[in-house]
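In: Here you go, sequence then predicted model.
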Amino acid sequence: MRENQSPVSPMDKGAKQPATWRIVLAFILDFFTIFWIAGLGVAFVFGGTTENGFSLNGLPALLCFVLMIAYFVVFNRYLGGTIWKRILRAKRTDR
């Protein structure tokens, strides 16, 4: 076997990859979902809720950003994909 070739099992040859639009749509929907959930959660705890939603500045905004990144890392690495990746069946199998 050559150095640049990776071993592929017979089951992997027939695995169909999801369409790019599914992956992109899943990311966009995940981003907005976690933005609203994390934003409202942090705003509720730190008192940043408003009539129209929430407003975060300083440390609460940073905490919201950290939670959003943690969502993507934890779900993709340890839980088999984010919520919308699972719903749209947009998980790549070549990694």
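Out: Here it is on my side, so go on.
In: Am I right that residue 89 is in contact with residue 18?
Out: Yes. Assessed by CB atoms under 8 Å, residue 89 is found in contact with residue 18 at 6.1 Å. Where C-beta positions appear, they are placed from N, C-alpha and C, glycine not excepted.
In: Quickly find the element holding residue 61.
Out: Using DSSP states H and E, residue 61 sits within helix 59-78.
In: buried stuff in that helix?
Out: 60-61, 63-64, 67-68, 71, 75 (16 or more other CB atoms under 10 Å).
In: Just put those residues in CSV and tack on pLDDT.
Out: As requested, these are arranged in CSV below (pLDDT from 0 to 100):
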residue, pLDDT
60, 95
61, 94
63, 96
64, 95
67, 96
68, 96
71, 97
75, 95
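In: quick check, nearest of these to residue 83?
Out: Lowest distance from residue 83 to those (CB to CB) belongs to residue 75, with 7.2 Å.
In: where along the chain do the helices fall?
Out: 10-13, 20-46, 59-78, 83-87 (DSSP state H).
In: For the shortest one, what does the pLDDT average out to?
Out: Spelled out, that is helix 10-13. Regarding helix 10-13, the rounded mean pLDDT is 53.
In: Same check on the last one?
Out: The average of the pLDDT scores along helix 83-87 is 94.
In: Report all helices and strands that that helix contacts.
Out: Contact analysis of helix 83-87 by 3 or more CB pairs under 8 Å, 6 or more residues apart in numbering; DSSP states H and E lists helix 20-46 as its packing neighbours.
In: In the helix it packs on, which residues are buried?
Out: Those would be 22-23, 26, 29-30, 34, 38-40, 42-43, 46, for helix 20-46 by 16+ other CB under 10 Å.
In: orientation of that helix relative to helix 59-78 in degrees?
Out: 140 degrees (axes from the mean of the first three to the mean of the last three CA atoms, to 10 degrees).
In: Return the distance of helix 20-46 from the chain's centre.
Out: 8 Å (CA atoms, centre = their mean, to the nearest Å).
In: What of stretch 57-70?
Out: Using CA atoms, centre = their mean, the offset of stretch 57-70 from its chain centre is 15 Å.
In: same check, this time on stretch 68-82
Out: Worked out by CA atoms, centre = their mean, stretch 68-82 lies 6 Å from the chain centre.
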